[in-house]
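In: Build me a model from this:
(2 chains)
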Amino acid sequence: MRVTNKLMADTVANNLFKNTEHLLKIQNMISSGKRISKPSDDPIGMGKVLDYRKTISSIDQYNRNIARGRSWLDITDSTLGSVDNLLMRAKEIAVSQATGTANKQTREIAAKEMKNIYEQMLQLANTKLGSSYIFAGHKTDTAPFSRDDDYNASYNGDKGDIRIIVGEDTSISINANGEDIFFSKVSVFDVLRDLKDGLQNNDPSAISNQIELLNDALGQVLKVRAEVGAKLNRLEITETYWANFKLNITEMLSQTEDADLTKAITDLTTQEAVYQTSLAISARIIQPSLMNFLR
Amino acid sequence: MPDIYGILNVGRGALLVQQQAIDITGHNIANVNTPGYSRQRVDMESNEPISLWPGQMGTGVRATEIQRIYDRFLALQINNENQQLGRWEAQKGALERVEMIFDESSEYGLNQAMSEFWNAWQDLAGNPSGQAERVVLLAKSETLTTTFNQIYSALEQIQKDIDTSIEGTIKEINLIAEQIADLNQKIARAEAGRLNANDYRDRRDLLLKQLSSMIDINNFEDSDGKVTILVGGGKPLVEATSSWKLSTERNASGLQDIVWINSDGNSGNITDNISGGKLKGWLETRDVIIPEYLERLNELAGSIISRVNALHSGGYGLDGSTGNDFFTGTSASDIAVNSEIVNDVKKIAAAESAGGVPGDNSNAIAIANLQNELAIHNTATFDSYYNSLVSDVGNEVRKAHVTFEHQSAMITHLDNYRESLSGVSLDEEMINLIKFQHAYEAAAKLIGTVDELLNTVINMV
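Out: Below you'll find the model as predicted:
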């Protein structure tokens, strides 16, 4: 085949361009740390990368939601703990003042304490988290419990469920309903009021009647508290699950998207050697011509 | 008659022919780097012999023609493949720009914007009465709508830029057509006198090659040496010594159509008939590929708008208002957050019932869960629909790349073959130079010898 000067020069140039193009690609990969810098580098891989990113973003959001749910449930739990303490105290009073060792004076003093217990219970029932009343169902901007002058309490909230999203199409309700706690089988406030009245009126039978009811009230609160505990448990399990899942997805994302630095650097070294060799050879090929040898 | 003057003639003929050969060699050397140049050589033939005793006597050498070493078939092949090369080069270039718009590697693309939008609804669900969550949701929503708007208009901008490239190329085509018509005339005139118009032909071939990279051409030569060129599926661009023009006309979509102007000045639309060259690559990208992407973006935006609005207008805001759309617009180009919501974030409807305000977050949850629904054609979520669009863009670019590389390799191979055939080799020309120079010296020596012979004859008497 007839090989002309232009042919040799063009071929040399083409090969050098191929080498430098490859070199540039490897350099980019190393300096950005990414194997995929644009969709055409690996279209299927890019699709996966976007998927993983979306999953990671969702998991982070679920964790934020879980944290919100946790704080709500935590405060519910500690409030219910205080309610429980108050009811135990009320029961102590009822038991001791129903016996023969009590008398009108002791009962009067106890009645005053009952009044305080009532007010404290009211306060606990109207606990707030931030600007939201936690026992009011959906009506979180109004105090759910109020009393009139005769110590008749009423519930102003509703039965609304407040939920958080903890997974794809999975949500957990995080609020304990005020009615369930204070007004379901037994009306806690009515019991406290009747106990106070009984003490004030020096009426032992009225007092002892309340003991059974107070037991019911304690059971009622305990039931709700158990539910809260179960929900907290579930949140913790979910959180752990997501933590592991995220670890896996992050690993897969890195495998798909990140450049294998060791391999890339080895490639770079090889390519550099190839480039230099081809430069040297090109110089040897395109320089000599017949004119060097004609006298 | 074998006489001394005959020998002189032979010598003279030899000198002239070798001199001509050296001239051509010089021409080749001078044009070693000229693109499109085909090496030339003098065809030498021995002169008509004279019948004489004791045998036929040769009468020296003559130059019959100056030949251009050139393969016509190869040139046709190169021009054919060049049309595809031009098309894929243009398509690759335009698609690479499209790909940059879908650059998700920086983590600030539509994928991220959508994720943050849905997340903001979940944050609102976590505190439906909160002001801060509403303000953030508004901000993320506006980022989403702006990103849609930007992607859409960037794609439209590429279409407009392609128009500019098309207009520039049309001008070039017209210029080349005129030049070819002009060369047709020069070649026909020169060859009418039976002289090869080698350099003009080289120039015309180069112009044809350039033309073939821009538009699909069909060309053939008539017996006078004039080339006829047909473009765009059969419209004449050059015929004999006349050339026609191409031009552009704005069509209904606001983009340029390509038209051919006939001798009466009427224009015919040839946009759909163009099948090769850069024009085809640009038109394919502008009229087929980009519109598909625009439509898919619109589908995505439209779906988000209608699903979110459906839930939102049924819900209740903090101020008790209901029936408010969250988004206005119907497509990716005009999607925007409802200005009423922009002005008052309390209208964002997190609650499902009027009585549920402010603690009810079920509407916010329902809207947040739209992210997981197979909302598009009941087969894809918003995210997966977009992700597959990005994948498809990547695939399209890749395809253009691979096809371009393949064509490139083929053209390189053909070009190399052409170069091997028609290219100038300086080594070869050097050898020829020596060859012809020696012949010239010998011929001169012959003349010198004849001169001495003449002297001898004259001084004989």
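
In: Would you agree A:Tyr151 is in contact with A:Arg193?
Out: Yes: the pair A:Tyr151 and A:Arg193 passes the contact test of CB atoms under 8 Å, sitting 4.2 Å apart. For every residue, glycine as well, the C-beta is placed using N, CA and C.

In: got any residues that touch both of those two?
Out: With contacts defined as CB atoms under 8 Å, 6 or more residues apart in numbering or on different chains, the residues adjacent to both A:Tyr151 and A:Arg193 are A:Tyr118.

In: Counting by contacts, list what the helix or strand containing A:Ala280 packs against.
Out: Using DSSP states H and E, A:Ala280 maps to helix A:261-286. Contacts of helix A:261-286 with other secondary structure elements, assessed using 3 or more CB pairs under 8 Å, 6 or more residues apart in numbering or on different chains; DSSP states H and E, are made with helix A:5-32.

In: tilt between the helix it packs on and helix A:261-286?
Out: Here helix A:5-32 runs at an angle of 160 degrees relative to helix A:261-286 (axes from the mean of the first three to the mean of the last three CA atoms, to 10 degrees).

In: how many other residues sit next to the closest residue to B:Gly233 other than its chain neighbours?
Out: Closest residue to B:Gly233 in three dimensions, ignoring its sequence neighbours and counting by CB to CB, 6 or more residues apart in numbering or on different chains: B:Asn273, at 3.3 Å. Close neighbours of B:Asn273, defined as other CB atoms under 10 Å in any protein chain shown, add up to 15.

In: cool, A:Lys54 as well?
Out: Applying other CB under 10 Å, we find 23 residues neighbouring A:Lys54.

In: Isn't it up against B:Asn111?
Out: Yes: the pair A:Lys54 and B:Asn111 passes the contact test of CB under 8 Å, sitting 6.4 Å apart.

In: Pull up the overlap in contacts between these two.
Out: Taking CB under 8 Å, 6+ apart as the contact criterion, the common neighbours of A:Lys54 and B:Asn111 are B:Asp383, B:Asn387.

In: residues in contact with the residue nearest to B:Gly233?
Out: Taking CB under 8 Å, 6+ apart, we find B:Asn273 in contact with B:Gly232, B:Gly233, B:Gly234, B:Lys235.

In: For the nearest residue to B:Ala240 once chain neighbours are set aside, which residues are in contact?
Out: In this structure, B:Ala240 finds its nearest non-sequential neighbour in B:Lys226, 4.9 Å apart by CB to CB, 6+ apart. When contacts are counted by CB under 8 Å, 6+ apart, B:Lys226 is found next to B:Asn184, B:Gln185, B:Ile187, B:Ala188, B:Ala240, B:Thr241.

In: residues contacting the second one?
Out: Remark: with contacts taken as CB under 8 Å, 6+ apart, B:Gln185 is in contact with B:Lys226, B:Thr241.

In: That one sits in which helix or strand?
Out: Here B:Gln185 sits within helix B:131-192, counting by DSSP H and E.

In: what's the next secondary structure element after that helix?
Out: Later in the chain than helix B:131-192, the nearest helix or strand by DSSP H and E is helix B:198-214.

In: if we can go back for a sec, quick check: the gap between the residue nearest to B:Gly233 and B:Ile229.
Out: Counting by CB to CB, to the nearest Å, the separation of B:Asn273 from B:Ile229 is 15 Å.

In: Have a look at chain A and report its longest helix.
Out: For chain A, the helix reaching the highest residue count under DSSP state H is reported as helix A:43-98.

In: wait, does that helix contact chain B?
Out: Yes: contact between helix A:43-98 and chain B is present through A:43-44, A:46-47, A:49-51, A:53-54, A:57-58, A:60-61, A:64-65, A:68-69 (criterion: CB under 8 Å from any CB of the partner chain).

In: May I see the PyMOL selection of the buried members of those residues?
Out: Under the burial definition 16 or more other CB atoms under 10 Å in any protein chain shown, those of the residues of helix A:43-98 next to chain B that qualify are selected in PyMOL by:
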select buried, chain A and resi 43+46+47+49+50+51+53+54+57+58+61+65+68+69
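
In: Closest residue of the stretch 351-461 of chain B to chain A?
Out: Using CB to the nearest CB, the single residue of the stretch 351-461 of chain B nearest to chain A is B:Gly394, 2.9 Å away.

In: ok, that residue - contacts?
Out: Shown here is B:Gly394, whose contacts under the criterion CB under 8 Å, 6+ apart are A:Lys38, A:Pro39, A:Ser40, A:Asp41, A:Asp42, A:Pro43, A:Met46, B:Glu99.

In: just to confirm, which helix or strand has it in it?
Out: Following DSSP H and E, one finds B:Gly394 within helix B:382-422.

In: What of A:Ile36?
Out: Taking DSSP H and E as the criterion, no element holds A:Ile36; it sits outside all helices and strands.

In: Report the contact partners of it.
Out: Contacts of A:Ile36 were listed using CB under 8 Å, 6+ apart, and they are A:Asp42, A:Gly45, A:Met46, A:Val49, A:Thr256, A:Glu257, B:Ser105.

In: Is stretch B:151-169 in proximity to chain A?
Out: No: Stretch B:151-169 stays out of contact with chain A when judged by CB under 8 Å from any CB, the minimum separation being 13.7 Å.

In: about what we covered before: any idea how far the residue nearest to B:Ala240 is from B:Lys245?
Out: Computed as CB to CB, the B:Lys226 to B:Lys245 distance reads 19 Å.

In: and what of B:Asn455?
Out: 70 Å.

In: Compare these two (neighbour count), which wins?
Out: Here B:Asn455 and B:Lys245 are compared on neighbour count by other CB under 10 Å; more neighbours surround B:Lys245, at 16 against 10.

In: pretty sure the more buried one contacts B:Asn174?
Out: Yes: with contact defined as CB under 8 Å, B:Lys245 counts as touching B:Asn174 (5.0 Å).

In: now, the most widely separated pair of the contacts of B:Lys226?
Out: B:Ile187 and B:Ala240 (11.2 Å; CB to CB).

In: who has more neighbours, those two?
Out: Under the criterion of other CB under 10 Å, the comparison of B:Ile187 against B:Ala240 puts B:Ile187 first, with 23 against 15.

In: Need the nearest residue in space to that one, chain neighbours excluded.
Out: In space, B:Ile187 comes closest to B:Ala197 once its chain neighbours are excluded; the distance is 4.4 Å by CB to CB, 6+ apart.

In: Quick check: that neighbour vs A:Ala273, distance?
Out: Looking at B:Ala197 against A:Ala273, where the rule is CB to CB, the gap reads 51 Å.

In: How about B:Gln18?
Out: Between B:Gln18 and A:Ala273 the distance is 52 Å, computed by CB to CB.

In: out of these two, which sits in the busier spot?
Out: Neighbour tally, B:Gln18 and A:Ala273, criterion other CB under 10 Å: the higher count belongs to B:Gln18, 24 against 10.

In: Please verify my assumption that the more buried one contacts B:Ala444.
Out: No: between B:Gln18 and B:Ala444 no contact is recorded; they are 9.4 Å apart, counting by CB under 8 Å.

In: just to revisit the earlier point, quick one: pLDDT of the residue nearest to B:Ile187?
Out: Reading off the confidence values, B:Ala197 has pLDDT 89.
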